[in-house]
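S.K.: Need the 3D shape of this:
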Amino acid sequence: MIRRVHDLHPDDTAARITLRHQLRDLRRQLGVHVDDLADACGTTFKAIYLFEQRGNNPLAATVQRYAGGLGHQIVMRPMLTPELREHPDAAALAALAAATHNPALADAYQRSAVLTNLVAHRRWLNMSARDIAERCGLHRAGGWISQFENDQKPALLATYQRYTRALGGHLNLDLQPLNPHHLTEGAHP
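M.R.: Numbers count the residues shown, from 1 in each chain. Predicted coordinates:
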């Protein structure tokens, strides 16, 4: 099933399409067959095919598993104004992400670090979860925003983008090779 997402800015759609093309091109360049990537990611041929062909809007963790299956990672970088120092908890989470040998755990730490910085920025702007929900066009969804902020539900990649836009910024999505020690455990080609 394709999830329809109404982005707050067309650049967000373009960023996800670019990322999808980068991942597909990397898979082809590495000579990894869709079946092999699906096995490495713990998913199906159809899921990989649909992502590559239609660009359905997957969970952030799913895109990270796809990249990990190719020896890469997606790094989310919120670009916010004013630029604030990294929250101390986010810095600690980022350090844990860099230190672990488990790619799935590194991803979870990295996403938590991004969320921690986004929530700190929201609070610095004196905005409530309801304010963010309204800016995202999600009326009466303050509870949903709180669940996202507390990392209680798996979130779509577009959710991170929309939240960042609601704060007046944008989210950079960078495809980078995995830290070499992350390749010792977890999926890779």
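
S.K.: CA atoms only for the lowest-mean-pLDDT helix or strand in the chain, dumped as CSV, please.
M.R.: Every helix and strand in the chain was compared by mean pLDDT, DSSP states H and E; the lowest is helix 142-149, with a mean of 80. Extracted as CSV, the C-alpha positions of helix 142-149 are listed here (Å, rounded to 0.1, in the frame of the first residue of the first chain):
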residue,chain,number,x,y,z
GLY,A,142,-1.1,16.9,19.4
GLY,A,143,-1.1,13.4,20.9
TRP,A,144,0.3,11.9,17.6
ILE,A,145,3.1,14.5,17.7
SER,A,146,3.8,13.6,21.3
GLN,A,147,4.0,9.9,20.3
PHE,A,148,6.5,10.9,17.5
GLU,A,149,8.6,13.0,19.9
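
S.K.: Now do the next helix or strand along the chain from that helix: everything it contacts.
M.R.: Toward the C-terminal end, the helix or strand that comes next after helix 142-149 (DSSP states H and E) is helix 157-166. Helix 157-166 is contacted by residues 5, 7-9, 12, 15-16, 57-60, 63, 76, 78-80, 111, 114, 118, 131-132, 135-136, 145, 148, 170-171, 173 when judged by C-beta atoms under 8 Å, 6 or more residues apart in numbering. Heads up, the C-betas are built off the backbone N, CA and C, glycines and all.

S.K.: if you skip the residues just before and after it, what's nearest to the most centrally placed residue in the chain?
M.R.: By C-alpha atoms, centre = their mean, the chain has its centre lying nearest to residue 60, at 3.8 Å. With sequence-adjacent residues excluded and distances taken as C-beta to C-beta, 6 or more residues apart in numbering, residue 60 is closest to residue 157, at 4.7 Å.
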